[in-house]
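*Asks:* task: produce atomic coordinates for the following.
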Amino acid sequence: MRDEQQPTTRQIVLFTVLLSLIVSVIGTVLSLGLLGPLLGTGDAAGGPIQFNKPGILERIRETVTEKETTERIVRQDELVVKVVEEMSPAVVSIVATKDVPVIERYYVDPFADDPFYRQFFGNGSGVQIPQFRQKGTEKQEVSSGTGFIASSDGLIVTNKHVVSDAEAEFTVFLNDGRKKAVRVLARDPLQDIAILKIEGSDLPIARLGDSGGIKIGQSVIAIGNALGEFRNTVSVGVVSGLQRSVVASAPGVGSEELQELIQSDAAINPGNSGGPLLNLRGEVIGINTAMAQGAENIAFAIPINKAKHDLESVKKFGKIIHPFLGVRYQLVTKELAEEKKLGRDYGVLLVGATQDLAVVKGSPAEKAGLKEGDIIMELNGERIDVQHALATILQKYQAGDDITLKIFRDGREFEAKAKLEERK
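*Replies:* Down below sits the predicted model:
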């Protein structure tokens, strides 16, 4: 039997709730600067009291903020270290070797075989002129790059320009020091991607993420064979931009226009080409492919979703096959729609050029009845806009697939059916 003089459990709970409510109200008053007006000690306009020194509330806030910031930095550092530890075994160095001429320098006397000179001065003039000649060949390393293993049986993704020399031999060096011969299975005809193959089983693989969900400002990690010398070099940065277009060039390769690239400020150097751009979950979201000359920390990567198509195509057909619709177009923006009074502010406008028709003759687009001036708004219900390019959407499909296009023409919308073909 309990003592009637002791507070009951219900009373204790009520007292606790009331005390919490009072503390909450006081905290709100302090945080909003209302204590001055309530006590009549604020400024003439009824503003909060101004303290010459930080009060206890301000000191608590500063301490909490500093603590949260420190914890956040520590957590990010731990994530970066974990990602690098997990993914580095799947990153490889790719070295190209080639038989190059061995050039020998030798000297000749220009008068040694001159009968007139020998008649008066005898053999040899003592004059020596340097000459050069080839003395056989030897294998030399001519270039290097990076790649990453995308399947446990040895499929490797890299840049096309890393393995562009058809006369070179390529060797892969794994993170653990193993050396493996490699075959080039396919070079993408449209973008800077190549698929290679090494022999092996249960190889460490890089997890492929989704480049469709990338946000500007998110943290990224680049791993690569920097300068062809410092293997598995790590750099960290953020996504600086999306949907970038650049004209990239490399020695002996020429120039190539690359579109829909990821821009980051992670340091990229020659030799990093073909290496993975990772998010903090340890997923590959891009393939490092180019850097801006004359600038600092402006690098570009091909979205990994483009490489996924190539990988599946190689697995299924043994080569990279791109679906072909047969249109030439300009992206519709709000500015373009207002300027040309198009009637729609998204999609792609079919336009021709001097030597190129807006709709290729005999193409799936022509067979579907598309004409110059049409706006393709959707493909199989997927909206086409700045963030969802037609070329990217097409890569989700294979040659032979049937697709439905939503078209805007002469003030009306309608659907057109087309069967994709293989790009020749």
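*Asks:* where does the stretch 1-150 of the chain dip in pLDDT?
*Replies:* In the predicted model, the stretch 1-150 of the chain carries pLDDT under 70 at residues 1-64, 66-74, 98-102, 104, 106, 109-127, 136-142.
*Asks:* domains of this protein?
*Replies:* Domain assignment for the chain, taken from automatic domain parsing, gives 57-95+143-317, 323-422.
*Asks:* could you dump those to a markdown table with distance to Ile129 and mean neighbour count?
*Replies:* No exception for glycine: its C-beta is placed from N, CA and C like everyone else's. Compiled in a markdown table, the domains of the chain are given as follows (distance: least, C-beta to C-beta, whole Å; neighbours: other C-beta atoms under 10 Å):
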| stretch | distance to Ile129 | mean neighbour count |
| --- | --- | --- |
| domain 57-95+143-317 | 32 | 18 |
| domain 323-422 | 53 | 16 |
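*Asks:* please name every helix or strand in contact with the helix or strand where Glu413 lies.
*Replies:* For Glu413, the enclosing helix or strand under DSSP states H and E is strand 412-419. Packing partners of strand 412-419 (3 or more C-beta pairs under 8 Å, 6 or more residues apart in numbering; DSSP states H and E): helix 364-367, strand 402-409.
*Asks:* dump these to JSON lines, plus distance to Ile304 and mean pLDDT.
*Replies:* Below are the helices and strands packed on strand 412-419 laid out as JSON lines (distance: least, C-beta to C-beta, whole Å; pLDDT from 0 to 100):
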{"stretch": "helix 364-367", "distance to Ile304": "27", "mean pLDDT": "94"}
{"stretch": "strand 402-409", "distance to Ile304": "23", "mean pLDDT": "95"}
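*Asks:* so for Leu155, which of those sits nearest?
*Replies:* strand 402-409 (28.0 Å; C-beta to C-beta).
*Asks:* tell me what that closest one is packed against?
*Replies:* Under the contact rule (3+ C-beta pairs under 8 Å, 6+ apart), strand 402-409 is packed against strand 375-379, strand 412-419.
*Asks:* tabulate these (CSV), appending mean pLDDT.
*Replies:* CSV is the format used below for the helices and strands packed on strand 402-409 (pLDDT from 0 to 100):
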stretch, mean pLDDT
strand 375-379, 95
strand 412-419, 95
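*Asks:* tell me which of those strands sits nearest to Leu277.
*Replies:* Of all the helices and strands packed on strand 402-409, strand 375-379 sits nearest to Leu277, with 27.1 Å by C-beta to C-beta.
*Asks:* report the next helix or strand after that closest one in sequence order.
*Replies:* Using DSSP H and E, the helix or strand that follows strand 375-379 in sequence is strand 382-383.
*Asks:* who's in contact with that following strand?
*Replies:* Under the criterion C-beta atoms under 8 Å, 6 or more residues apart in numbering, residues 346, 377, 388, 393 lie in contact with strand 382-383.
*Asks:* now, which of the residues you listed sits nearest Gly286?
*Replies:* Nearest to Gly286 out of the contacts of strand 382-383 is His388 (C-beta to C-beta; 17.4 Å).
*Asks:* and the closest one, how far from Glu85?
*Replies:* According to C-beta to C-beta, to the nearest Å, His388 stands 35 Å off from Glu85.
*Asks:* what does Ala150 give?
*Replies:* Taking C-beta to C-beta, one finds Ala150 at 19 Å from Glu85.
*Asks:* now stretch 302-312: average pLDDT?
*Replies:* For stretch 302-312, mean pLDDT rounds to 90.
*Asks:* does the nearest residue to Phe173 once chain neighbours are set aside sit in a helix or strand, and which one?
*Replies:* Distance criterion C-beta to C-beta, 6 or more residues apart in numbering; nearest residue to Phe173, sequence neighbours excluded, is Ser93 at 4.4 Å. If you go by DSSP H and E, Ser93 is part of strand 91-108.
*Asks:* and whichever helix or strand Leu261 is part of, what does it pack onto?
*Replies:* Assigned by DSSP H and E, Leu261 falls within strand 254-264. Secondary-structure packing of strand 254-264 (3+ C-beta pairs under 8 Å, 6+ apart): strand 230-250, strand 283-291, strand 299-303, helix 390-394.
*Asks:* tell me the neighbouring strands of the third one, and mark each as parallel or antiparallel.
*Replies:* Meaning strand 299-303. Using DSSP bridges, strand 299-303 pairs in its sheet with strand 254-264 (antiparallel), strand 283-291 (antiparallel).
*Asks:* and Asn305, which of the three is it?
*Replies:* Secondary structure assignment for Asn305 (DSSP: H, G, I helix; E, B strand; the rest coil): helix.
*Asks:* that one reaches Ile214, doesn't it?
*Replies:* No: using C-beta atoms under 8 Å, Asn305 is not in contact with Ile214, being 10.0 Å away.
*Asks:* the chain: helices as residue ranges?
*Replies:* Using DSSP state H, the helices found in the chain span residues 9-31, 35-39, 56-87, 115-121, 304-317, 334-340, 364-367, 390-394.
*Asks:* can you dump the C-alpha atoms of the shortest one in CSV for me?
*Replies:* Yep, that's helix 364-367 we're talking about. Only the C-alpha atoms of helix 364-367 are listed here, as CSV (Å, rounded to 0.1, in the frame of the first residue of the first chain):
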residue,chain,number,x,y,z
PRO,A,364,12.9,4.8,-89.6
ALA,A,365,11.9,8.4,-89.0
GLU,A,366,11.0,8.9,-92.7
LYS,A,367,9.1,5.6,-92.7
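*Asks:* what does it contact?
*Replies:* Counting by C-beta under 8 Å, 6+ apart, 324-327, 359-360, 418-421 sit against helix 364-367.
*Asks:* weakest of the helices and strands packed on strand 254-264 by average pLDDT?
*Replies:* Among those, strand 230-250 has the lowest mean pLDDT, at a mean of 83.
*Asks:* and that one with strand 299-303, angle?
*Replies:* With axes from the mean of the first three to the mean of the last three C-alpha atoms, to 10 degrees applied, the angle from strand 230-250 to strand 299-303 works out at 90 degrees.
*Asks:* each with direction, which strands does strand 230-250 pair with?
*Replies:* Here strand 230-250 has these sheet partners by DSSP bridges: strand 219-226 (antiparallel), strand 254-264 (antiparallel).
*Asks:* turn those strands into a markdown table, including distance to Glu413.
*Replies:* Output for the strands paired with strand 230-250, formatted as a markdown table (distance: least, C-beta to C-beta, whole Å):
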| stretch | distance to Glu413 |
| --- | --- |
| strand 219-226 | 40 |
| strand 254-264 | 26 |
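*Asks:* pipe those strands into a markdown table and attach distance to Leu336 and mean pLDDT per row.
*Replies:* Shown next, in a markdown table, are those (distance: least, C-beta to C-beta, whole Å; pLDDT from 0 to 100):
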| stretch | distance to Leu336 | mean pLDDT |
| --- | --- | --- |
| strand 219-226 | 31 | 88 |
| strand 254-264 | 17 | 81 |
